[in-house]
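**Student:** With the input below, show me the fold.
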Amino acid sequence: MKLMRTQHLFAFCLLGLLTLAGCNTSIVEKRATGLPYEVLVVMDKTDWAGEAGEMVKAQLTSPVPGLPQPEASMRITYSPKETFDGLLRYVRNILIVDIDATKYTQVSLSKSEDEWATGQEVMRLSSPSSEELVTYLTLNEADIVNHFSKIEKERRVAILKKNYSQLAMDKVQEKFNIQLCAPDDMTYFKDTTDFLWVSNNAKTGRIDLLVYSFPYTDANTFTEDYLVAKRDSVLKVNLPGAFPNSYMATETRVDLSYEPITLNNQYCGVLRGLWKMVGDKMGGPFVSHAFLDERTQRIVVTEGLVYAPETMKRNLIRKIEAALYTVHIPKPVVAQTY
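**Tutor:** Below you'll find the predicted structure:
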C-alpha cells in the first residue's frame, strides 16, 4: 500500500513539473551549442557551390590580424536549407543566406538573438540574386565576420566578469588603482616599479598579461611609433630572457597595426603585432590597450600576449584580449562648488 502511494505521489509530482514547465518556458529553455568562433551557414546547395557561397566562405575564414601564421577568423560548418532543423537550430552562431527574386527586391542583413536557443546569434542575409549578393559582400567585406567576432568577444567578457583571477584583480587594483578581469587560471606574477606581469605559466598555450604605466608628457603619445618605443623600453628592463643580454621586444620586421577606439567612454589606443625575445627564439602575438588615467595624468597600458609555438593561437589571443575590454579606470572626482 505504501509503495502504491509513493508511486502515485511520484507520478503526481512529475505531472506537476511537466505542467509547470509548460507554463514557464525558462525551465525547458535550450542553451546554444557549439564552440567559440564556429558558425553554421545555411544556404541553398547551388548558391553555396557558386560565387556567392565562395565569397561567404572567404569572408568568414579571412585571416585573424596580428598572428604569426594565417588562421581563419571563423570555423565554418554548412547545412542545406532543407535539412536545417532539429539540433542544428541550437548552434550558437548561425548565418542564413537566402537568395530569391520572388521574395526580395534588394540585399538586406538582419540580426537576432536567442531565436531558437539562449546565447545564440542569428544573422540573415537576403538577396534577390546571386550577383547582387556578391556586389554587397564586395562592398561590405568584413561586416559579417566582424559582427560574429564582436559577439564572441562580448560572450568572453561576460564570462570573465563572473570568473576571473582574484590575484590579478587584486594586484592590478593595488598597483594601478584600476580594475581588470583576467582569466582565472592566471596565478603567477612578477611585480616591479610601475610594471606587473601575470601569467598562467602553462607549458602549452601560455598567455601573459602585462600592465604598466608612465607619465603623460607628450601630445604624440597616442601614436604607433611612440607606443612601440615606450613598449620596448619598458619590456627590455622588466622582461629579460633566459640568456645573457636577452629581452622581450617588438618584432618590427612585420607590419603592426594601430587603431584608436572608444572603450568604456574613454579614448584607447590599440596596438597589435608580434613580440620576440632578442637573443632567443621565442615569440608570438600581442595586443595592447593604452589609456590616459586622468586622475594621475599617467598612461596605463594593458597588454595580452601569447607564447604557444606548438599550437594555433587565435583562440588564445582572443581569450586574453577579451580581458583588456574589462578594464575600468575611474574618472576623477570633481569637487562640488556651492
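**Student:** measure the residue nearest to the spatial centre of the chain to residue 300 for me?
**Tutor:** With distances taken as Cα atoms, centre = their mean, residue 153 lies nearest the centre of the chain, 2.9 Å away. When distances are taken as Cβ to Cβ, to the nearest Å, residue 153 and residue 300 turn out to be 21 Å apart. In this view, the C-beta of every residue, glycine as well, is placed from N, C-alpha and C.
**Student:** hey, where'd the helices end up in the protein?
**Tutor:** Counting by DSSP state H, the chain forms helices over residues 2-23, 45-49, 51-60, 130-139, 143-162, 166-176, 224-238, 314-324, given from the N-terminal end onward.
**Student:** Please parse this protein into its domains.
**Tutor:** Domain assignment for the chain, taken from automatic domain parsing, gives 38-157, 164-324.
**Student:** need the ones you listed in a markdown table with distance to residue 31 and mean pLDDT, can you?
**Tutor:** Output for the domains of the chain, formatted as a markdown table (distance: least, Cβ to Cβ, whole Å; pLDDT from 0 to 100):
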| stretch | distance to residue 31 | mean pLDDT |
| --- | --- | --- |
| domain 38-157 | 6 | 97 |
| domain 164-324 | 20 | 95 |
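**Student:** Mind putting those domains into a markdown table with distance to residue 333?
**Tutor:** Compiled in a markdown table, those are given as follows (distance: least, Cβ to Cβ, whole Å):
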| stretch | distance to residue 333 |
| --- | --- |
| domain 38-157 | 27 |
| domain 164-324 | 8 |
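**Student:** Identify each buried residue in stretch 175-187, please.
**Tutor:** Along stretch 175-187, the positions that meet the burial threshold by neighbour count (16 or more other Cβ atoms under 10 Å) are 175, 176, 178, 180, 181, 182, 183, 184, 186.
**Student:** whoops, I mixed them up, stretch 132-139
**Tutor:** Using 16+ other Cβ under 10 Å, the residues of stretch 132-139 that count as buried are 132, 133, 134, 136, 137.
**Student:** Quick check: closest non-adjacent residue to the second one.
**Tutor:** Nearest residue to residue 133, sequence neighbours excluded (Cβ to Cβ, 6 or more residues apart in numbering): residue 127, at 3.8 Å.
**Student:** Count residues in the vicinity of residue 129, would you?
**Tutor:** Residue 129: 14 surrounding residues under other Cβ atoms under 10 Å.
**Student:** How about the contacts made by it?
**Tutor:** Taking Cβ atoms under 8 Å, 6 or more residues apart in numbering as the contact definition, residue 129 lies against 99, 101.
**Student:** Then residue 311?
**Tutor:** Neighbouring residues of residue 311 by Cβ under 8 Å, 6+ apart: 204, 205.
**Student:** and it, how far is that from residue 205?
**Tutor:** In this structure, residue 311 and residue 205 are separated by 6 Å, where distance is defined by Cβ to Cβ.
**Student:** try residue 286
**Tutor:** Applying Cβ to Cβ, one obtains 15 Å for the distance of residue 286 from residue 205.
**Student:** now residue 242
**Tutor:** Distance, residue 242 to residue 205, using Cβ to Cβ: 19 Å.
**Student:** who's more crowded, these two?
**Tutor:** Using other Cβ under 10 Å as the criterion, residue 242 and residue 205 rank with residue 205 on top: 16 against 9.
**Student:** Now do the contacts for the more buried one.
**Tutor:** Counting by Cβ under 8 Å, 6+ apart, residue 205 touches 306, 308, 311, 316.
**Student:** one step back: take the buried residues of stretch 132-139 and write them to TSV, including distance to residue 75.
**Tutor:** Written out in TSV, the entries for those read as follows (distance: Cβ to Cβ, whole Å):
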residue	distance to residue 75
132	28
133	22
134	23
136	24
137	19
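**Student:** Closest one of those to residue 121?
**Tutor:** residue 137 (18.8 Å; Cβ to Cβ).
**Student:** ok, that closest one to residue 202 distance?
**Tutor:** The separation that residue 137 has from residue 202, given Cβ to Cβ, amounts to 39 Å.
**Student:** Walk me through which strands the lengthiest strand in the chain pairs with, and which way each runs.
**Tutor:** Looking across the chain with DSSP state E, the single longest strand is strand 266-278. Strand pairing for strand 266-278, determined by DSSP bridges: strand 247-250 (antiparallel), strand 257-263 (antiparallel), strand 283-293 (antiparallel).
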